[in-house]
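K.L.:
The following comprises the amino acid sequence and a computationally predicted model.
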Amino acid sequence: MKPTSRGFTLLEMMIVVAIIAILAAIAYPNYRRYALRAGRADGKDLAMRIASAEERYFTNFNRYTDKILDDLSINPVSERGLYSAVVQLGPQDQTYLLTLTPVAGMAQEPDACESLTINNTGYKHQTGSNTQNGACW
């Protein structure tokens, strides 16, 4: 009777490791893009909360405000801390431009959106290298 060998050969282990490395090389960039989109959702949520609060403030006082924390009672940093917001007012406080800039590692990504803006009419704009076809918003 011939003894049966148990276990894996070195060649079989190397093939498995190579397959895992190829799958990881394909999966990681896709995961990174997904994480960036999820981070932008955090910023978009903050923008929509501030924009709706600005409209409520305008209804009550007939002007917009640039004091996000004091007048609107909204923290100008997103919940996950990925975006910070600044409001710039137009003539006689009748218009505003809300700008969200990435913080906490979002800005280091080469295909990330650098900033998101929205104004009182709802016009949305973005800057960065990945701005085609509304990819940021």
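P.N.:
Noted; the coordinates are in hand. Numbering: from 1, shown residues only.
K.L.:
rest of the way, CA atoms for contacts and neighbours
P.N.:
OK.
K.L.:
how close does residue 50 sit to residue 77?
P.N.:
As judged by C-alpha to C-alpha, to the nearest Å, residue 50 and residue 77 stand 11 Å apart.
K.L.:
Apart from its chain neighbours, what residue comes closest to the residue nearest the centre of the chain?
P.N.:
The centroid of the chain falls nearest to residue 40 when counting by C-alpha atoms, centre = their mean (1.7 Å). Leaving aside its chain neighbours, residue 40 sits nearest to residue 136 (7.2 Å; criterion: C-alpha to C-alpha, 6 or more residues apart in numbering).
K.L.:
Give the buried residues for the lowest-mean-pLDDT helix or strand in the chain.
P.N.:
Here the helix or strand of the chain ranked lowest by mean pLDDT, DSSP states H and E is strand 124-128, holding a mean of 82. Under the neighbour-count criterion of 16 or more other C-alpha atoms under 10 Å, strand 124-128 has 124, 126 buried.
K.L.:
So which elements touch it?
P.N.:
Judged by 3 or more C-alpha pairs under 8 Å, 6 or more residues apart in numbering; DSSP states H and E, the packing partners of strand 124-128 are strand 113-119.
K.L.:
Pull up the pairing partners for the least confident helix or strand of the chain, direction included.
P.N.:
Applying DSSP bridges, strand 124-128 is found paired with strand 113-119 (antiparallel).
K.L.:
What's the mean pLDDT across the partner strand?
P.N.:
Computed over strand 113-119, the mean pLDDT rounds to 85.
K.L.:
For the protein, give me the ranges with low pLDDT.
P.N.:
Along the chain, the model assigns pLDDT under 70 to residues 1-3, 5, 104-112, 129-135, 137.
K.L.:
what ranges do the strands span in it?
P.N.:
Here the chain has its strands, by DSSP state E, at 83-89, 96-102, 113-119, 124-128.
K.L.:
What residues are bridge-paired with residue 125?
P.N.:
With DSSP bridges as the rule, residue 125 is bridged to residue 117.
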